[in-house]
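> What follows is a predicted structure for the sequence shown.
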Amino acid sequence: MGSKPLHELDGIKIRCFFLEKPNENQSIRSMSIKLIKHGILLVTLTSMLGQATAGELTADEKAKGWKLLFDGKTFDGWRNYKAEGVREGWKIEDGVMIHTKKGGDIMTVKQYENFELKLEWKIAEGGNSGIFFGAREVKGPIYRSGIEMQILDNAKHPDAKHEKHTAGACYGLYKPPAGAAKKAGEWNQVRVVKKGDHYQMCLNDVKTADFK
């Protein structure tokens, strides 16, 4: 998200899943969540499954203990970074979480450690945003304590001139393979796996970072 220092890897745990303050018309589809016995947190985008609509789970998912992270209707389970509730700059429309203007960063109310996360995002032309992990609610902006997976319009945003700042990058640390991201206005699929201090990031089934 713009020019900023390299993120420090705290090596402790993922505390929350954050969405950085984006440009207008960034959209996130609904997600579900499941905790399993060995402590890995699984999060998946229900609308990608084809058998359920946004904000719903399939019968198979329910049987396996999945729970929705975003229900496609409300901001239950979400709040602004360093604040309570979600500001009016965010809205929900047709099962999609959308930022319009001045909504600020948002995060899950609950905290998570080891996990697998799946979601989809799309960004307006010239847009710039990010998904953060391991951030702490301390003085200063979110990027001073968190690891970021970049969200960007590579074609129109000037930050794309830096390879480690393009969509899907672990911002400032690892560049993604060329062509991993789709163009502005199209849905991009994200998968992030974190076990201990090991991170893997994928965008549209292309691995963009793998590090400890």
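Perfect, thanks for sending it.

> Nearest to the spatial middle of the chain, which residue is it?
I131 (3.7 Å; C-alpha atoms, centre = their mean).

> In a strand, that one, correct?
Yes. According to DSSP: H, G, I helix; E, B strand; the rest coil, I131 belongs to a strand.

> quick one: pLDDT of the nearest residue to it once chain neighbours are set aside?
Spatial nearest neighbour of I131, excluding adjacent residues (C-beta to C-beta, 6 or more residues apart in numbering): M149 at 4.6 Å. The way it works is simple: take the backbone N, C-alpha and C, and place the C-beta from them, glycine included. On pLDDT, M149 comes in at 92.

> Distance-wise, check M149 relative to G134.
For M149, the distance to G134 equals 12 Å [C-beta to C-beta, to the nearest Å].

> Those two - which one has more neighbours?
Neighbours per residue, other C-beta atoms under 10 Å: of M149 and G134, the larger number sits with M149, 25 against 21.

> CA atoms only: put the helix or strand containing the more buried one into CSV for me.
Using DSSP states H and E, M149 maps to strand 147-152. Extracted C-alpha coordinates of strand 147-152, given in CSV (Å, rounded to 0.1, in the frame of the first residue of the first chain):
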residue,chain,number,x,y,z
ILE,A,147,3.0,-8.8,7.1
GLU,A,148,1.1,-7.7,4.0
MET,A,149,-0.1,-9.5,0.9
GLN,A,150,-0.5,-6.8,-1.7
ILE,A,151,-3.7,-5.9,-3.5
LEU,A,152,-3.1,-3.6,-6.5
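
> On the strand side of things, show who S129 bridges to.
Per DSSP bridges, the residues bridged to S129 are I151.

> burial of it, as a residue count?
Under the criterion other C-beta under 10 Å, the count of neighbours that S129 has is 23.

> so it touches I151, yeah?
Yes. Between S129 and I151 there is a contact at 4.0 Å, judged by C-beta atoms under 8 Å.

> rewinding a little: and the strand holding M149, how far from the chain's centre?
Counting by C-alpha atoms, centre = their mean, to the nearest Å, strand 147-152 is centred 8 Å from the centre of its parent chain.

> ok, and what's touching that strand?
Outside of strand 147-152, the residues within contact range by C-beta atoms under 8 Å, 6 or more residues apart in numbering are 1, 7, 9, 20, 22, 26, 121, 123, 127-135, 159-160, 165-173, 181, 188, 190, 192, 199, 201, 208-209.

> Which of these are buried? Put it as a PyMOL command.
Those of the contacts of strand 147-152 that count as buried under 16 or more other C-beta atoms under 10 Å are selected in PyMOL with:
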select buried, resi 1+7+20+22+26+121+123+127+128+129+130+131+132+133+134+135+159+160+165+166+167+168+169+170+171+172+181+188+190+192+199+201+208+209
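
> What ranges does the chain have for its helices?
59-63 (DSSP state H).

> In contact with the closest residue in space to E163 that isn't next to it in sequence, which residues?
Once flanking residues are discounted, E163 sits nearest to K175: 3.9 Å by C-beta to C-beta, 6+ apart. Contact analysis of K175 by C-beta under 8 Å, 6+ apart lists E163, K164, T166, A169.

> All set, thanks.
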